[in-house]
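Undergrad: Predicted model and sequence follow; I will ask about them next.
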Amino acid sequence: MSYQNHKAVARAFLILMLTAIISFGIVLFAMNQFFTRADQVVDEQACRASILTRVKSTIKLVKVVEVNPFPIVCKTQHKILEGNEEQVKEQISYLSARCWWMFLNGEYGNIFNRQDFASKNTCFICYTFSIKEDIKPITGEELFEYMDEHYYITKAGEKGEEEGVVTYLDYIQRWKGKGLILLGEDVEGKDIKFVGNEKYTYSISLISPDMTSWGKWINSIVINGNIFKSHEQKQQELELPETNRIYIANMEVDDKNHCVNLGSI
């Protein structure tokens with residue numbers, strides 16, 4: 001009888017220990033997920049705050065030379081996108097809008113303050129992502145259609161902004177500053193397709209044009225040097241190099257021609 005009682009107690013203790021270990025593991029996993037997401041949000045907010053400090057503190061030594069003692073503190077984050085085609089399009093759209101938000105809604109040019117005699121644009125990869133599920137490939141046109149028909153909610157209190165609702169496309173192209181969304185190519189050199197099953201890794205970058213006096217002068221020489229263009233055409237092309245851009249690309253085939261990529265900064 002005593003032996004049976006000991007076995008029952010030991011069994012109950014073992015069950016209790018296993019339950020405690022499993023519960024602890026679940027709590028630990030949940031805490032890790034929470035703090036990981038919290039860290040990502042903090043990283044995004046720190047990135048935006050550092051950029052705002054930088055653009056407000058640029059010192060012009062001479063007419064064509066600008067310097068800034070404040071660093072940009074941004075990290076590239078990797079995301080695994082899950083869900084069906086609509087959910088994936090929503091996540092790509094949201095990450096694109098979030099990248100645009102971090103870099104001050106396109107209201108400032110030459111964010112990276114790069115002095116380059118070739119007047120090359122510079123860019124930073126906000127996010128890399130792959131798609132978990134084996135979904136039907138999403139074309140660039142389908143992504144643009146989604147961005148034009150679905151809405152992004154801007155948050156109150158961010159740089160004095162009121163809460164508002166605009167389409168993803170409008171948010172990036174015209175809500176605060178002028179912007180463009182550029183898409184790279186697929187592995188066959190055609191328009192990009194977003195493929196699932198984690199087959200490819202894609203990137204969402206912010207391209208910041210050179211808007212220093214030197215950069216503008218170089219752009220004006222290149223554009224005005226062609227006497228066969230109308231004034232309207234020249235004006236449109238003058239504005240294009242001064243426009244911030246969101247660039248979404250397949251990292252395996254991106255030829256880097258759009259910009260000089262910066263690492264985590």
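TA: Now that the structure is in, tell me what you want to look at. Values in this document were obtained by computation on a predicted structure and should not be read as measured data.

Undergrad: where does the protein have low pLDDT?
TA: 1-38, 58-69, 113-120, 154-164, 210-242, 255-258, 264 (pLDDT under 70).

Undergrad: Please, where are all the strands along it?
TA: 59-62, 65-67, 77-81, 122-131, 138-139, 151-154, 164-167, 179-183, 193-194, 202-208, 244-250, 260-262 (DSSP state E).

Undergrad: Please save the CA atoms from the third one in PDB.
TA: In PDB, the C-alpha atoms belonging to strand 77-81 read as follows (Å, rounded to 0.1, in the frame of the first residue of the first chain):
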ATOM      1  CA  GLN A  77      14.900  44.300 -40.000                       C
ATOM      2  CA  HIS A  78      14.000  40.900 -41.500                       C
ATOM      3  CA  LYS A  79      10.400  39.800 -41.700                       C
ATOM      4  CA  ILE A  80       8.700  36.500 -42.600                       C
ATOM      5  CA  LEU A  81       5.400  37.300 -44.200                       C
END
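
Undergrad: who touches that strand?
TA: Contact with strand 77-81 is made by 40, 43-44, 87-88, 91-92, 95, 126-132, 198, as judged by CB atoms under 8 Å, 6 or more residues apart in numbering. All C-beta atoms are positioned from the backbone trio N, CA, C, and that covers glycine.

Undergrad: Select only the buried ones of these in ChimeraX?
TA: Of those, the buried ones go into a single ChimeraX selection, burial set by 16 or more other CB atoms under 10 Å:
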select :43,44,88,91,92,95,126,127,128,129,130,131
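
Undergrad: Just the closest of the contacts of strand 77-81 to L206, please.
TA: L206 lies nearest to C126 out of the contacts of strand 77-81, by CB to CB, at 6.1 Å.

Undergrad: Skipping adjacent residues, who's closest to that closest one in space?
TA: Among residues not flanking C126 along the chain, C99 sits closest, at 3.6 Å (CB to CB, 6 or more residues apart in numbering).

Undergrad: Understood, closing this out.
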